[in-house]
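Chemist: Give me a 3D structure for the following:
(2 chains)
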2 protein chains.
Amino acid sequence: MQLSRKADYALRAVRHLSIIPKGKLGSINSIAAAESIPREFLAKILKDLTRAGILVSFQGVTGGYRLARTPREISFLDVIEAIEGPIHINLCTEGNSCSCDQVNNCPMHTFWVTQEKSFKRSLSKHSFGRYRRATK
Amino acid sequence: MQLSRKADYALRAVRHLSIIPKGKLGSINSIAAAESIPREFLAKILKDLTRAGILVSFQGVTGGYRLARTPREISFLDVIEAIEGPIHINLCTEGNSCSCDQVNNCPMHTFWVTQEKSFKRSLSKHSFGRYRRATK
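Modeler: Presented below is the predicted three-dimensional model:
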């Protein structure tokens, strides 16, 4: 029950792009070096984040990446779900995939739904806007 | 970022044992049937829970399992950590295993530590005592 390394790297990459000067682009090499992320793995992550509409990519020698929105408009939840898909902290909150076949009567189901909502709320409230100020 | 199926099965098994009449034992077959858990997988889970001091096992034809403590003295956290080991919702909360080598200065580290504490507190407060009453 742990955030994947890929999602953790994605959060670091977005944080890095949230603190570089406005108008500037971040290159794969600069992000990889600053955040200690293997370059090839980072390339895939940046592609996923671009596809999800969190980053914008610019091709060419002077190309790179920037955020598609302001840092405060991007949350941890946005980034994690762009990488891992929708968060479901237990199988039974995924809908019909509960192994016990008693979702509607399961006394533990409500607990997991509540925990999931609470966790996702925390992640959605936590934006990259705070890192922009904190690290400048 | 999801509870393992093994830990989910463990929670169901402990819940099952928390609602059977006091003094009675639960057999592997009865738990497997009631909770739709593959028997061989359940045997391993019950062994882990016994080793962790959550269950007591009794050998023989009339043997089986019972809780080692009252249901209200066993929390979700006890059961999950008996199966998965200590919960760390991100790599960086495991201590020295953070990939970024900047744990002490990482602006995101505090967020994860707070989330982990909050989640573990919820799990530790949630005991099986409530299921005993609810399903009787």
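Chemist: Give the full set of residues in contact with the residue nearest the centre of chain A.
Modeler: Geometric centre of chain A, nearest residue: A:V79, 1.8 Å, by CA atoms, centre = their mean. By CB atoms under 8 Å, 6 or more residues apart in numbering or on different chains, the contact set of A:V79 is A:A7, A:A10, A:L11, A:V14, A:L49, A:I54. Glycine gets a C-beta too; all of them are placed from N, C-alpha and C.
Chemist: Closest to chain B out of these?
Modeler: Of all those, chain B sits closest to A:L11, with 6.5 Å by CB to the nearest CB.
Chemist: quick one on the thing from earlier: correct me if wrong, but the residue nearest to the centre of chain A is in a strand.
Modeler: No: counting by DSSP: H, G, I helix; E, B strand; the rest coil, A:V79 is not found in a strand; it is helix.
Chemist: distance of it from chain B?
Modeler: 11 Å (CB to the nearest CB, to the nearest Å).
Chemist: For chain A, what lies in contact range of chain B?
Modeler: Residues of chain A lying close to chain B by CB under 8 Å from any CB of the partner chain are A:1-5, A:7-9, A:11-12, A:15, A:35-37, A:76, A:80, A:84, A:87-92, A:99-101, A:107-108, A:111, A:115, A:118-119, A:122, A:126, A:130-131, A:134-135.
Chemist: Quick one: buried ones out of these?
Modeler: Neighbour counting over the residues of chain A next to chain B (16 or more other CB atoms under 10 Å in any protein chain shown) leaves A:1-3, A:7-9, A:11-12, A:15, A:35, A:37, A:76, A:80, A:84, A:87-92, A:99-100, A:108, A:111, A:115, A:119, A:122, A:126, A:130-131 as the buried ones.
Chemist: Now, those residues that are in helices?
Modeler: The helices, defined by DSSP state H, take in A:7-9, A:11-12, A:15, A:35, A:76, A:80, A:84, A:111, A:115, A:119, A:122, A:130-131 from those.
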